[in-house]
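Novice: structure of the sequence below:
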Amino acid sequence: MTTLRPDVTLDYLRNRQRGRLPDLLGVELVSLESGSLVGELPIRPELLAPNGFLHAASVIGLADTCCGYACIAHLPEGAKNFTTVELKSNHVGTAREGKIIAKASAVHLGRSTHVWDATVTNADGKLVALFRCTQMILY
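Specialist: Here you go, the predicted structure:
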């Protein structure tokens, strides 16, 4: 199992997202531990769908960002980067205000692929979405 890389910190990841989609969305990183990463997304009108509820793409953006950052923090020795090869989400709730929180958790940390799950909840802990992605490790 790949371990947490000591050179990848929350500040490193925050700097990496400047001027990129996670920055535009407003993703805020909360914690990074071996096998997991937590991030939040404050809800604002621009992240809502025309129906007034949180847009699914906003939820996926947070979940995919958290899983991707967790992958970076757990890259095996010699790996340079990763790319997403598959993702899936099940949306079971929504939100209109406050924030959503994603916790990315490692399922499989191999030398050629990683599989990450994220659970997305609202600030009250109500389930919003379940997310899974497969990352191809690049050398």
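Novice: mind telling me what element the residue nearest to the spatial centre of the chain is part of?
Specialist: The C-alpha lying nearest the average C-alpha coordinate of the chain belongs to Cys66 (CA atoms, centre = their mean; 1.7 Å). Here Cys66 is covered by helix 56-73, with elements defined by DSSP states H and E.
Novice: packing partners of that helix?
Specialist: Here helix 56-73 is seen to pack against helix 10-17, helix 21-25, strand 28-33, strand 36-42, strand 81-91, strand 99-109, strand 113-122, strand 127-138 when contacts are counted using 3 or more CB pairs under 8 Å, 6 or more residues apart in numbering; DSSP states H and E. The way it works is simple: take the backbone N, C-alpha and C, and place the C-beta from them, glycine included.
Novice: returning to that earlier point: so the residue nearest to the centre of the chain touches Leu41, yeah?
Specialist: No - proximity of Cys66 to Leu41 does not meet the contact threshold set by CB atoms under 8 Å, at 9.6 Å.
Novice: pull up the overlap in contacts between the two.
Specialist: Val27, Ala102 (CB atoms under 8 Å, 6 or more residues apart in numbering).
Novice: and of the helices and strands packed on helix 56-73, who's closest to Ala56?
Specialist: The closest of these to Ala56 is strand 81-91. By CB to CB, the value is 5.7 Å.
Novice: could I get the buried residue list for that closest one?
Specialist: With burial defined by 16 or more other CB atoms under 10 Å, the residues of strand 81-91 counted as buried are Phe82, Leu87, Ser89, His91.
Novice: also stretch 47-60?
Specialist: Of the residues in stretch 47-60, those buried under the neighbour-count criterion (16+ other CB under 10 Å) are Leu47, Leu48, Leu54, Ser58, Val59, Ile60.
Novice: which of these sit farthest apart?
Specialist: Distances among the buried residues of stretch 47-60 were taken as CB to CB; the most separated pair is Leu48 and Ile60, at 14.4 Å.
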